[in-house]
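*Asks:* one predicted model, sequence on top.
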Amino acid sequence: MVEARELAVSFIGRALAEGQSVSGQRVDREVRSFLERSGYGANLRHRTGHSIDREVHGFGANLDSVEFPDSRLLLEGSCFSVEPGVYLDDFGMRSEIDVYIWEGKPVVSGKQPQFELLHF
């Protein structure tokens, strides 16, 4: 999931750097395509992310090409989650970060994202 999460952020960054508009739908398709190539196509049951406002979910673009395909653009000031997930029969896993677009670049908010699975 971490690789899919990081792919989303780098995809957004590259597209914006090239002057392209990026929709939530386009990001979700990119992440889904990666997870399908990795053998998890049948286990995708959730969009890649959602808009964030002052109280969790917002009214901006969602990273979604399946549930409610969202062609709205990730504009300057947009804030959204990137949380690709895979759900198997016995368990599911999702890796979430929050991102906003600032000065034409995706910025991950908060502390350093987690890259390792914690074992207890």
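*Replies:* Perfect, I can see it now.

*Asks:* contacts and neighbour counts: CA atoms only from here.
*Replies:* Fine.

*Asks:* gap between Tyr87 and Leu35?
*Replies:* The gap separating Tyr87 from Leu35 is 12 Å, by Cα to Cα, to the nearest Å.

*Asks:* who has more neighbours out of those two?
*Replies:* Leu35 (21 against 15; other Cα atoms under 10 Å).

*Asks:* ok, now which ones touch the more buried one?
*Replies:* 4, 41 (Cα atoms under 8 Å, 6 or more residues apart in numbering).

*Asks:* need the mean per-residue confidence for the helix or strand containing it.
*Replies:* Following DSSP states H and E, one finds Leu35 within helix 24-37. Taken as a whole, helix 24-37 has an average pLDDT of 97.

*Asks:* which residues touch the helix or strand just after that helix?
*Replies:* Remark: after helix 24-37, the chain's next helix or strand is strand 79-82, criterion DSSP H and E. Under the criterion Cα under 8 Å, 6+ apart, residues 5, 8-9, 48-53, 60-63, 95-101 lie in contact with strand 79-82.

*Asks:* one step back: just the CA coordinates of the helix holding Leu35, formatted as PDB?
*Replies:* Extracted in PDB, the C-alpha atoms of helix 24-37 (Å, rounded to 0.1, in the frame of the first residue of the first chain):
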ATOM      1  CA  GLY A  24      -9.300  13.000  -8.700                       C
ATOM      2  CA  GLN A  25     -10.500  10.400 -11.200                       C
ATOM      3  CA  ARG A  26      -7.200  10.400 -13.000                       C
ATOM      4  CA  VAL A  27      -5.200   9.800  -9.800                       C
ATOM      5  CA  ASP A  28      -7.500   7.000  -8.700                       C
ATOM      6  CA  ARG A  29      -7.200   5.300 -12.100                       C
ATOM      7  CA  GLU A  30      -3.400   5.500 -11.900                       C
ATOM      8  CA  VAL A  31      -3.300   3.900  -8.400                       C
ATOM      9  CA  ARG A  32      -5.900   1.200  -9.400                       C
ATOM     10  CA  SER A  33      -3.900   0.400 -12.500                       C
ATOM     11  CA  PHE A  34      -0.700  -0.100 -10.300                       C
ATOM     12  CA  LEU A  35      -2.600  -2.300  -7.800                       C
ATOM     13  CA  GLU A  36      -4.200  -4.400 -10.600                       C
ATOM     14  CA  ARG A  37      -0.800  -5.000 -12.200                       C
END
